[in-house]
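Enquirer: I need the structure of the sequence given here:
(one chain, ligands or ions: 2)
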Amino acid sequence: MEMAVASKEKATPLPYRPRQPERTTFYRLLEQHFDDYVYANEERFEPKAGPLRPVVRPTVEAFLDCGRLHGGFARLRCPSCKDERLLAFSCQSRNFCPSCQAKRSLLFAEKLREQILAPVPHRHFTHSIPKALRGLFERERSLLSLLSQTAFEAINKSFQKLFDRKDVRPGSVSSIQTFGSFGANWNPHIHCLVTEGVFTPQGEFLPLPDPATSLLKDIEERFRRLLLSRLHRAERLSEPFMNKLMEWNPSGFSVYAEQLVLDHEPQRLEKLARYLTRAPVRIDDLSETQDSRVSLTTTPHPLTGDTLLLLDPLDWVHAICQQIPDRGQHLTRFYGAYANRIRNSRLTHQAPQTGAADSQPRAEADSPSAPSRASRACWARLIRKVFEVDPLICARCGAEMKVISVLTEPKVVDKMLRHLQEADSDRAPPEPRPEPLVSSEPIPDR
Ligand SMILES: [Zn+2]
Ligand SMILES: [Zn+2]
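Expert: Ligands and ions are numbered 1, 2, ... in the order given. Model prediction:
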């Protein structure tokens with residue numbers, strides 16, 4: 001079938017409007033420097049960050065094909081005017097490709113709003129750790145789960161103490177972020193969207209009394225003690241070093257209670273959920289200098305106030321590749337009352353039930369399943385929402401286009417593209433599609 005598509009049956013050119021990711025600085029930097037980075041890795045980066053992880057190369061290679069026709073495409077035809085167009089595949093990488101992450105993040109936010117979050121107020125908490133511990137999580141990614149779990153436990157225990165009950169628990173959606181705001185520097189921290197109160201085993205919601213500063217101090221201290229003792233038990237911290245960190249003042253640990261979002265503010269909640277799962281770098285913040293360095297706009301540095309960061313390209317490639325999660329490492333998790341809710345996520349808008357089993361976190365299944373009719377429809381809707389264009393609407397007559405074939409075989413794809421290029425050579429180059437409109441006010445590093 002694919003061979004037939006690539007044959008000479010089609011004499012007229014197919015109009016198309018690719019996203020042209022290769023025009024972005026993000027793409028160019030990776031295209032130019034990734035091979036050098038891999039070559040230099042062992043000597044330059046491995047001593048501190050550990051060996052190049054198996055997930056990195058395939059992710060970057062898939063990204064370099066994302067949105068580009070040579071990586072394969074779907075062929076669309078308008079049933080009304082017979083116009084045709086090609087649509088390139090996306091890489092669907094996690095926490096790396098700005099375009100795919102924007103779609104992923106949008107889907108996550110919608111799922112939260114529609115299926116997970118109870119109609120009660122929520123607060124955004126951020127848990128961060130001292131610099132001395134960050135490298136541990138860089139070299140051993142599985143410890144990130146422990147970090148996420150501990151951040152929730154600290155909140156859970158503090159809330160239970162406040163109500164003086166052990167059978168109640170809040171619901172939390174937690175997101176592991178590994179990047180800070182200074183050019184994707186390594187800074188693992190946890191964002192949690194937590195119910196401003198607890199659920200009883202019967203599903204009744206008990207709102208938190210006015211949050212006192214002492215509550216936050218309590219959470220922070222628990223977070224420090226729990227994490228240090230767990231790392232020690234897992235034989236990742238020696239006893240003397242653990243004790244030293246227990247005594248540090250200031251501790252280097254911090255828990256911030258950020259915005260409170262009320263139950264009648266679903267849009268704010270959705271925006272926050274998108275912020276929790278955003279891509280490590282905003283494409284607009286990135287450029288190249290005359291002397292081939294990477295220039296990044298960041299939040300003001302706490303000491304110098306600088307908002308511009310200049311990096312060697314390989315250091316930048318390293319920083320950005322460190323943000324790719326290992327395969328099977330879930331970045332978003334549901335705890336407490338929401339652990340059950342994700343299991344019963346069809347029970348929309350019912351009060352969550354809590355019980356003994358709820359202490360087990362549920363990881364978000366964050367890789368999309370194989371393309372199906374439903375997921376194609378979903379994908380088209382997401383593109384509409386992120387890019388404000390409808391990928392299935394015929395540019396000529398406005399009817400809805402249909403996918404008539406999908407081309408993945410490199411030989412067939414090349415042949416088809418050569419044919420198109422010849423037919424298209426005397427046209428003006430198409431306008432690139434805009435980059436995603438997903439952004440939020442950044443939260444500075446602490
Ligand atoms: Zn048409
Ligand atoms: Zn992609």
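Enquirer: can we go C-alpha only for contacts and neighbour counts from here?
Expert: Fine.
Enquirer: How confident is the prediction for residue 322, by pLDDT?
Expert: You'll see residue 322 listed with a pLDDT of 94.
Enquirer: List the contacts of it.
Expert: The contact partners of residue 322, taken as CA atoms under 8 Å, 6 or more residues apart in numbering, are 138, 186.
Enquirer: now swap in residue 159 and tell me
Expert: Applying CA under 8 Å, 6+ apart, the residues near residue 159 are 169-170, 197-198.
Enquirer: from those residues, which two are the most distant?
Expert: With CA to CA as the measure, no two of these lie farther apart than 169 and 197, at 8.0 Å.
Enquirer: show me where the stretch 151-300 of the chain has strands.
Expert: Counting by DSSP state E, counting those that start in this stretch, the stretch 151-300 of the chain has strands at residues 171-179, 186-195, 197-199, 205-207, 254-261, 286-288, 294-297.
Enquirer: Show me the one of those that comes nearest residue 225.
Expert: Nearest of these to residue 225, taken as CA to CA: strand 254-261 at 12.2 Å.
Enquirer: Could you check how many residues crowd around the closest residue to residue 252 other than its chain neighbours?
Expert: With CA to CA, 6 or more residues apart in numbering as the criterion, residue 252 has its nearest non-adjacent residue at 4.3 Å, and that residue is residue 130. Using other CA atoms under 10 Å, residue 130 is surrounded by 16 other residues.
Enquirer: Show me the contact partners of stretch 253-266.
Expert: For stretch 253-266, using CA under 8 Å, 6+ apart, the contacting residues are 113, 119-130, 216-217, 219-220, 223-224, 268-269.
Enquirer: still on that earlier bit, ok, the contacts of residue 159 vs ligand 2, which is closest?
Expert: For those, the minimum distance to ligand 2 (CA to the ion) is 35.0 Å, reached by residue 170.
Enquirer: Just list the residues touching that closest one, thanks.
Expert: With CA under 8 Å, 6+ apart, residue 170 has these contacts: 156, 159, 194-199, 336-337.
Enquirer: Tell me the confidence at it?
Expert: 95.
Enquirer: Residue 440 now?
Expert: With respect to pLDDT, residue 440 has a value of 32.
Enquirer: repeat for residue 245
Expert: 89.
Enquirer: Could you check how many residues crowd around it?
Expert: By other CA under 10 Å, 20 other residues sit near residue 245.
Enquirer: So what does the residue lying closest to it once chain neighbours are set aside have for phi and psi?
Expert: Leaving aside its chain neighbours, residue 245 sits nearest to residue 251 (7.1 Å; criterion: CA to CA, 6+ apart). Residue 251 adopts backbone torsions of phi -80, psi -20, taken as degrees, to the nearest 10.
Enquirer: And the next helix or strand past the helix or strand of the chain with the lowest mean pLDDT?
Expert: The helix or strand of the chain with the lowest confidence, counting by mean pLDDT, DSSP states H and E, is helix 2-6 at a mean of 34. Using DSSP states H and E, the next helix or strand after helix 2-6 towards the C-terminus is helix 25-44.
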